[in-house]
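Q: what would the 3D arrangement of this be:
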Amino acid sequence: MNSETSDNILLHETQYLPPVSSFVMMQSFSTIVVDGEEKFRKSTWRNRCTIINANGPLLLTIPIIGGRGVRSKTKDVRIVNDQAWQHIHWRSMMAAYGKSSFFIFYEEKFRRLYEKQFMFLIDFNTELLQLCFEILHWKKSIVRSNRGNISSASRTANYKMQNVNLKPYHQVFDSKHGFLTDVSIVDVIFNLGNEAQEYLANQSDFII
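A: Sure thing, here's the model as predicted:
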């Protein structure tokens, strides 16, 4: 991985608790520009994340107004708040990671965001991203996209749902499922805790 420099800017799509590979990329940049000007794409990490529970990988999806037919810019995508999706997602997190080594240390930090109502998808994703940065002790700026910072960004990351070969680490249910690669960053945080930052820094096999 390239070392972080003060003028590195990454233009990145908004993602719901992004996969580990996104964080491997983001760690080398000092400023993350969240792209709200792009056209929203369905079936992506923008409103989905994967965690691991007793039955294997579990895809969590944030319901959005317009569903699969939404065609607005990402910054304008609104969350459906007349469903109990936040309660369901948080219960799923607790079931998946309640017995992990570090869940107890970060539980309340995540819980408060799942108990707070957000109108726009990009706002919820950004607050979760900021929380993950704080847990990882990453001193990075997260800003919204505009014409100036989009043109100056040195990289653009647009991830599709695909597996990335990352170094194995202990997962709650690995004795049952084996190591499952490139799931949500919360899997690394809850399983590795204060070693999560070092783990991400050592992913030399993942090349940007």
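
Q: hey, let's count contacts and neighbours off CA atoms from now on
A: Fine.

Q: mind checking the longest helix of this structure?
A: helix 121-135 (DSSP state H).

Q: send the alpha carbons of it over as PDB?
A: Extracted C-alpha coordinates of helix 121-135, given in PDB (Å, rounded to 0.1, in the frame of the first residue of the first chain):
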ATOM      1  CA  LEU A 121     -29.300   7.300   2.600                       C
ATOM      2  CA  ILE A 122     -26.100   9.300   2.100                       C
ATOM      3  CA  ASP A 123     -26.400  10.900   5.500                       C
ATOM      4  CA  PHE A 124     -26.800   7.500   7.300                       C
ATOM      5  CA  ASN A 125     -23.900   6.000   5.400                       C
ATOM      6  CA  THR A 126     -21.600   8.900   6.100                       C
ATOM      7  CA  GLU A 127     -22.200   8.900   9.800                       C
ATOM      8  CA  LEU A 128     -21.500   5.200   9.900                       C
ATOM      9  CA  LEU A 129     -18.300   5.700   7.900                       C
ATOM     10  CA  GLN A 130     -17.200   8.500  10.200                       C
ATOM     11  CA  LEU A 131     -17.800   6.200  13.200                       C
ATOM     12  CA  CYS A 132     -15.700   3.400  11.600                       C
ATOM     13  CA  PHE A 133     -12.900   5.900  11.000                       C
ATOM     14  CA  GLU A 134     -13.000   7.000  14.600                       C
ATOM     15  CA  ILE A 135     -12.800   3.400  15.800                       C
END
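
Q: immediately after it, which helix or strand?
A: Using DSSP states H and E, the helix or strand that follows helix 121-135 towards the C-terminus is strand 141-144.

Q: with just CA atoms, put that next one into PDB.
A: Output of strand 141-144 as PDB, limited to C-alpha atoms (Å, rounded to 0.1, in the frame of the first residue of the first chain):
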ATOM      1  CA  SER A 141     -11.700  14.200   6.200                       C
ATOM      2  CA  ILE A 142     -15.000  13.000   4.800                       C
ATOM      3  CA  VAL A 143     -16.600  15.600   2.400                       C
ATOM      4  CA  ARG A 144     -19.500  15.700   0.000                       C
END
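
Q: what is that strand packed up against?
A: strand 29-35 (3 or more C-alpha pairs under 8 Å, 6 or more residues apart in numbering; DSSP states H and E).

Q: ok, and what's touching stretch 76-91?
A: Under the contact criterion C-alpha atoms under 8 Å, 6 or more residues apart in numbering, stretch 76-91 has outside partners 36, 40, 60, 62-65, 70, 111, 114-115, 117-122.

Q: any stretches of the chain with poor pLDDT?
A: For the chain, applying pLDDT under 70 flags the ranges 1-7, 147-164, 204-208.

Q: thinking again about what came up before, I'd like to know which of the contacts of stretch 76-91 are buried.
A: Using 16 or more other C-alpha atoms under 10 Å as the burial test, these include 36, 40, 60, 62-64, 70, 111, 114, 118, 120-122 as buried.
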